[in-house]
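K.L.:
give me the fold of what follows.
(one chain, ligands or ions: 1)
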Amino acid sequence: MPRTRVHKQAVANPCAALPATPSRPRPLAASKARPPETRREADLPRRTPVSLTLPLRGSYASLVRQNERTEADGLERIQDDQDLRNRIARKMLVRVPVSAALTVNASLPADRRYCRPWTARFLSELARAHAALFHRPLTVSSAVRTVEYQKRLMQINGNAAAAEGDIASPHLTGATIDIAKVGLSRKELAWMRGRLLALEGAGKLDVEEEFEQTCFHITVYKSYLPPARTNNLGQQKTGQSTAAQRKAQQPGSRETRQADPGAPVGTASQGQ
Ligand SMILES: [Zn+2]
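P.N.:
Numbers count the residues shown, from 1 in each chain. Below you'll find the predicted structure:
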């Protein structure tokens, strides 16, 4: 299969849905950046650390890392609508966990309101913590996409991220979601940055802030899920028999993928 070659200078916006400005380099030590928002530091509450007033810039390195880590997680890119439906049916993708604390942008089609199980868990926990502090919901503005859709997008928007290659949009794996920044107060933005940076530092996710789409673009890794303890509790809860557990643990079994959201999910190829 041909791999799209993209020059570094052509790094594009992985969230792009409309014409966008080029991504700007974001040093991983985001606190050292000095983008324009710092001009408004005086307006911020005194308790807000200055570093959290700064946007979390995307970079070529970050996009490469998102592709490498989702590949290491065994995630294939979802090719088209049929592929998407198959993966939803097999529970490799789950619904964005809408609740009083989490809404979805009304313009997002129903079959795009899906993500990986660990991404859904991240969303639930983030939204719950946010709502506890700010008493209103977060909004998901984008979730899973297909290669077919991304190729159409590239025709419309020259700055859209690639559909193939080493720096393709990680939305194609279902591990990535965008959370809208529109309407969030500076306190909320600072809180989001603090929480997301801590998780990024722990290797659980990568986050970028996009500006044309005004969103947090977040790729969540399988390691977000706690290790084995979760599975053990889940099995006890469901009362699975020992034989059933053994069957579910067989490599490559469908039960493995359905019962364990942390299991490899990349084996259902687009060739099926
Ligand atoms: Zn995005």
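K.L.:
neighbours around the closest residue to residue 190 other than its chain neighbours, how many?
P.N.:
Residue nearest to residue 190 in three dimensions, not counting chain neighbours: residue 52, with 4.0 Å by Cβ to Cβ, 6 or more residues apart in numbering. (Glycine included, C-beta is placed from N, CA and C.) By other Cβ atoms under 10 Å, the residues close to residue 52 number 20.
K.L.:
what secondary structure does residue 52 sit in?
P.N.:
Here residue 52 is recorded as helix under DSSP: H, G, I helix; E, B strand; the rest coil.
K.L.:
so how far is residue 201 from it?
P.N.:
Taken as Cβ to Cβ, to the nearest Å, the spacing of residue 52 relative to residue 201 amounts to 13 Å.
K.L.:
all helices of the stretch 1-150 of the chain, in order?
P.N.:
Using DSSP state H, counting those that start in this stretch, the helices of the stretch 1-150 of the chain run over 60-72, 81-89, 117-134, 147-156.
K.L.:
put the alpha carbons of the shortest one into CSV.
P.N.:
Yep, that's helix 81-89 we're talking about. This file holds the C-alpha atoms of helix 81-89, laid out as CSV (Å, rounded to 0.1, in the frame of the first residue of the first chain):
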residue,chain,number,x,y,z
ASP,A,81,-18.2,3.7,6.6
GLN,A,82,-18.4,0.0,6.3
ASP,A,83,-15.2,-0.5,8.3
LEU,A,84,-16.5,2.0,10.9
ARG,A,85,-19.8,0.1,11.2
ASN,A,86,-18.0,-3.2,11.6
ARG,A,87,-15.8,-1.9,14.4
ILE,A,88,-18.8,-0.4,16.2
ALA,A,89,-20.6,-3.7,16.0
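K.L.:
quick revisit: how about the helices of the stretch 1-150 of the chain, which one is nearest the ion?
P.N.:
Minimum separation from the ion across these (Cβ to the ion) falls at helix 60-72, 9.8 Å.
K.L.:
could you list the buried residues of the closest one?
P.N.:
Neighbour counts over helix 60-72 (16 or more other Cβ atoms under 10 Å) mark 60-63, 65-67, 69-70 as buried.
K.L.:
partner residues bridging the residue in the stretch 101-250 of the chain that the ion sits nearest to?
P.N.:
Going by Cβ to the ion, the ion is nearest to residue 217 of the stretch 101-250 of the chain, at 3.3 Å. On the basis of DSSP bridges, residue 217 is bridged to residue 178, residue 208.
K.L.:
what number of residues lie near it?
P.N.:
Residues near residue 217, counting by other Cβ under 10 Å: 29.
K.L.:
which bits of the stretch 1-150 of the chain sit near the ion?
P.N.:
Residues of the stretch 1-150 of the chain lying close to the ion (Cβ under 5 Å from the ion) are 14-15.
K.L.:
for the stretch 1-150 of the chain, which residue gets nearest to the ion?
P.N.:
Nearest residue of the stretch 1-150 of the chain to the ion, counting by Cβ to the ion: residue 15, 3.0 Å away.
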